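S.K.: fold the following and give me the result.
(chains A and B)
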Amino acid sequence: MEKRVYFKGWFLPALLITPQLLITAIFFFYPAGTAIWWSLFNPDPFGLSTKFVGFANFDYLFADSYYKESFYTTAIFSSLVTLFSMGIALYLAVLADRLIKGAGIYQTLLIWPYAVAPAIAGILWMFLFDTQTGLISWYLGLLGYDWNHLLNETEAMGLVIVASTWSRVSYNFLFFLAGLQAIPRAIIEAAAIDGARFWRRFWTIIFPLLSPTTFFLVVMNIVYAFFDTFGVIHTITKGGPGQSTTILVYKVYSDGFVGLDLGSSAAQSVILLIIVGLLTILQFKFVEKKVHY
Amino acid sequence: MVENRGLNYWLTHVGLSFGVLVLFFPLWLAFVASTVTNSEIIHPPMPLWPGDQFFVNYGRALIEGDRGQTSASVARMLLNTVIVAIGIAVGKIVISFTSAFAIVYFRFPARKFFFWIIFLTLMLPVEVRILPTYEVVAGFGMLNTYSGLIFPLIASATATFLFRQFFMTVPDEIVEAARIDGARPMQFFIDILIPISRTNIAALFLIMFIYGWNQYLWPLLMTTDPSMNTIIMGVEQMIGGQDDVTPWPVVMAASMMAMLPPIIVVISMQNLFIRGLTDSDK
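M.R.: Purely as a prediction, here's the structure:
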């Protein structure tokens, strides 16, 4: 798409686009290039010597059982967060869409968690499940269940999933509700007249028509679970106990900033770059094609 | 809609109300915790109804923070966060608006190439380039400064796209009319393009403001000086030193103050916010 009418000259547009390009070059491309460079060399933390090691950093990573485990952890974590946050959001959106009056009020009451930073969401849930003072863990104790997410890997994973889901439901709810409200009422009413009950209408008409929204949200939620949940994990578990909640992004951070292993951290950044690249392409493919059945 | 009577109607309300309550539960307990004494919290179960320590806890958080151990006062952190969030939102909008204008309304060499360069930033979230970006910022001497907190986050492919899309819908006749009237590009930009983009700018500002407010990883790396902490990372710093009991009421008061500004923004400007969200992500 091009404008038919435009202004002449090149100096003014060059001037207008320069700030964005400068920021992009200095803070995006140069660091990304550095990450790739570092991943092929092996700089020591003090920058005194570097030596070319080729793909040794990557070979090392793929042989490293911790890294493989982190991949596995990320897969479990992001698929469960995506599944739960989308499932709950879809359920709430379907209910809100059934209302003629009052959907707006529920929308207001359901969207505010979007504004809460993932790190704060982590603190709120950690407070509820704190092993000594948490209200929920205290009640679990009364029931004879000894909650301790600082020692139990499954409980730690469960807690970061709950907190991440809590902070993501609003976003999914908004998109699902918008998607549902865009479905023509006439189609649904026609199906109702033909005798289709609610759940039949849902699975045969509504859900398929919602598929563009659903696919879009799947990609966006995977991106969220991969990157934005850093705050949740950092506040609740710091990747522990052991490595049980160390997702890929957390490992880049802890190997780079805590472990000061620049080569490995850079190689991990490069792998993440490739993953984000694939997700972005996927997202644009789906948004363009508008998956429909 | 179709079946909207009787039992179904009430079940819909029950289901939605249940969802609302579950979402509210952690917020409510955080609020309660911010109004009681610490001894009420460390001897569980904590109360479910607010106490009378509201002013004590909020006052202490605002003025003292955690008594200067690891973080600054909440007042100071809120000030930092407001500056950073507004800086990020304004910065993103300004550089995206001007570059979209250049790309749409001019023909200059390598225009397409620059567009793709900006597009590629979508693939470089701050989380994947933290270490090298940190080095760059440290090299400029921008650690512990507002510009160090703001600049690495303000390139925005989404905002540039959004403005480009919007400019494409602006009728060519308006440009033609402006040119016949002798308007120079910058006159068109200031007198026509900015006014007609007001709503888009406002919607995007809300989204970017919340994005900036809620930044966590970047300020965590960038600020070693407590007086430059932002509120979101600052709250985390207030929690449990090894030999120290976490002052939960003060931490929760700080959490409430970290959450409320963006929540109020989202709720009070709901329609604009939803528009910004659906536009900028799709």
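S.K.: the closest residue to residue B:89 other than its chain neighbours: which element?
M.R.: Nearest non-adjacent residue to residue B:89, counting by C-beta to C-beta, 6 or more residues apart in numbering or on different chains: residue B:208, 3.8 Å away. Glycine gets a C-beta too; all of them are placed from N, C-alpha and C. For residue B:208, the host element (DSSP states H and E) is helix B:198-213.
S.K.: what sits up against that helix?
M.R.: The contact list for helix B:198-213 (C-beta atoms under 8 Å, 6 or more residues apart in numbering or on different chains) reads A:114-115, A:117, B:81, B:84-90, B:92-93, B:97, B:150, B:153, B:156, B:159, B:162-163, B:166, B:194, B:232, B:261-262, B:265-266, B:269, B:272-273, B:275-277, B:279-280.
S.K.: buried ones from those, can you make that a PyMOL selection?
M.R.: Buried residues among the contacts of helix B:198-213 (16 or more other C-beta atoms under 10 Å in any protein chain shown), as a PyMOL selection:
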select buried, (chain A and resi 114+115+117) or (chain B and resi 81+84+85+86+87+88+89+90+92+93+97+150+153+156+159+162+163+166+232+261+262+265+266+269+272+273+275+276+277+279+280)
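S.K.: which residues touch the closest residue to residue B:232 other than its chain neighbours?
M.R.: Spatial nearest neighbour of residue B:232, excluding adjacent residues (C-beta to C-beta, 6+ apart): residue A:117 at 4.7 Å. Contacts for residue A:117 were tallied using C-beta under 8 Å, 6+ apart; they are A:231, B:213, B:214, B:215, B:216, B:232, B:258, B:259, B:262.
S.K.: cool, residue B:162 as well?
M.R.: With contact set as C-beta under 8 Å, 6+ apart, residue B:162 has these partners: B:96, B:200, B:204, B:279, B:280.
S.K.: next, work out how far apart it and residue B:155 are.
M.R.: To residue B:155, residue B:162 is 14 Å away according to C-beta to C-beta, to the nearest Å.
S.K.: may I have stretch B:175-182 exported as PDB, CA atoms only?
M.R.: Output of stretch B:175-182 as PDB, limited to C-alpha atoms (Å, rounded to 0.1, in the frame of the first residue of the first chain):
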ATOM      1  CA  VAL B 175      -2.900  16.300   1.800                       C
ATOM      2  CA  GLU B 176      -3.700  17.700  -1.600                       C
ATOM      3  CA  ALA B 177      -5.800  20.500  -0.200                       C
ATOM      4  CA  ALA B 178      -3.100  21.300   2.300                       C
ATOM      5  CA  ARG B 179      -0.500  21.500  -0.500                       C
ATOM      6  CA  ILE B 180      -2.700  23.700  -2.700                       C
ATOM      7  CA  ASP B 181      -3.100  26.000   0.300                       C
ATOM      8  CA  GLY B 182       0.700  26.100   0.300                       C
END
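S.K.: just the buried residues of that stretch, please?
M.R.: B:175, B:178.
S.K.: before we move on, what about stretch A:228-239?
M.R.: Neighbour counts over stretch A:228-239 (16+ other C-beta under 10 Å) mark A:228, A:229, A:230, A:231, A:232, A:233, A:234, A:235, A:236, A:237, A:239 as buried.
S.K.: which of the contacts of residue A:117 sits closest to residue B:125?
M.R.: residue B:215 (11.9 Å; C-beta to C-beta).
S.K.: did I read that right, that closest one in a helix?
M.R.: No: the assignment for residue B:215, made by DSSP: H, G, I helix; E, B strand; the rest coil, is coil rather than a helix.
S.K.: ok, longest helix in chain B?
M.R.: Determined from DSSP state H, the single longest helix within chain B is helix B:74-105.
S.K.: can stretch A:164-176 be said to contact chain B?
M.R.: Yes: using C-beta under 8 Å from any C-beta of the partner chain, stretch A:164-176 reaches chain B at A:166, A:169, A:170, A:171, A:174, A:175.
S.K.: narrow these to those in helices?
M.R.: Mapping the residues of stretch A:164-176 next to chain B onto helices (DSSP H) picks out A:166, A:169, A:170, A:171, A:174, A:175.
S.K.: would TSV of these with distance to residue B:252 and pLDDT be doable?
M.R.: Shown next, in TSV, are those (distance: C-beta to C-beta, whole Å; pLDDT from 0 to 100):
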residue	distance to residue B:252	pLDDT
A:166	17	96
A:169	22	95
A:170	21	94
A:171	25	93
A:174	27	92
A:175	31	92
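S.K.: residue 143: neighbouring residues, count only.
M.R.: All of this is about chain A. 8 (other C-beta atoms under 10 Å in any protein chain shown).
S.K.: please refer instead to chain B.
M.R.: Neighbours around residue B:143, by other C-beta under 10 Å: 17.
S.K.: just give the nearest non-adjacent residue to residue B:279, would you?
M.R.: Spatial nearest neighbour of residue B:279, chain neighbours left out: residue B:162 (5.6 Å); criterion: C-beta to C-beta, 6+ apart.
S.K.: what about the one you found, helix or strand, and which?
M.R.: Residue-wise, residue B:162 maps onto helix B:157-169 under DSSP H and E.
S.K.: where's that helix relative to the chain centroid, distance-wise?
M.R.: Relative to its chain's centre, helix B:157-169 lies at 20 Å (C-alpha atoms, centre = their mean, to the nearest Å).
S.K.: angle of that helix against helix B:74-105?
M.R.: If you take axes from the mean of the first three to the mean of the last three C-alpha atoms, to 10 degrees, helix B:157-169 sits at 40 degrees to helix B:74-105.
S.K.: following helix B:157-169, which helix or strand shows up next?
M.R.: Once helix B:157-169 ends, the next helix or strand along the chain (criterion: DSSP H and E) is helix B:172-180.
S.K.: hmm, that following helix touching chain A?
M.R.: Yes: judged by C-beta under 8 Å from any C-beta, helix B:172-180 and chain A are in contact via B:172, B:175, B:176, B:179.
S.K.: let me see the confidence value for the residue most central in space within chain B.
M.R.: A centroid search over chain B (C-alpha atoms, centre = their mean) returns residue B:210, at 1.8 Å, as the residue closest to the centre. Per-residue pLDDT puts residue B:210 at 93.
S.K.: residue B:106 contacts residue A:3, correct?
M.R.: No: applying C-beta atoms under 8 Å, one finds residue B:106 not in contact with residue A:3, separated by 9.3 Å.
S.K.: ok so, going back, state the pair within the residues of stretch A:164-176 next to chain B that is farthest apart.
M.R.: Farthest apart among the residues of stretch A:164-176 next to chain B by C-beta to C-beta are A:166 and A:175. That separation is 17.0 Å.
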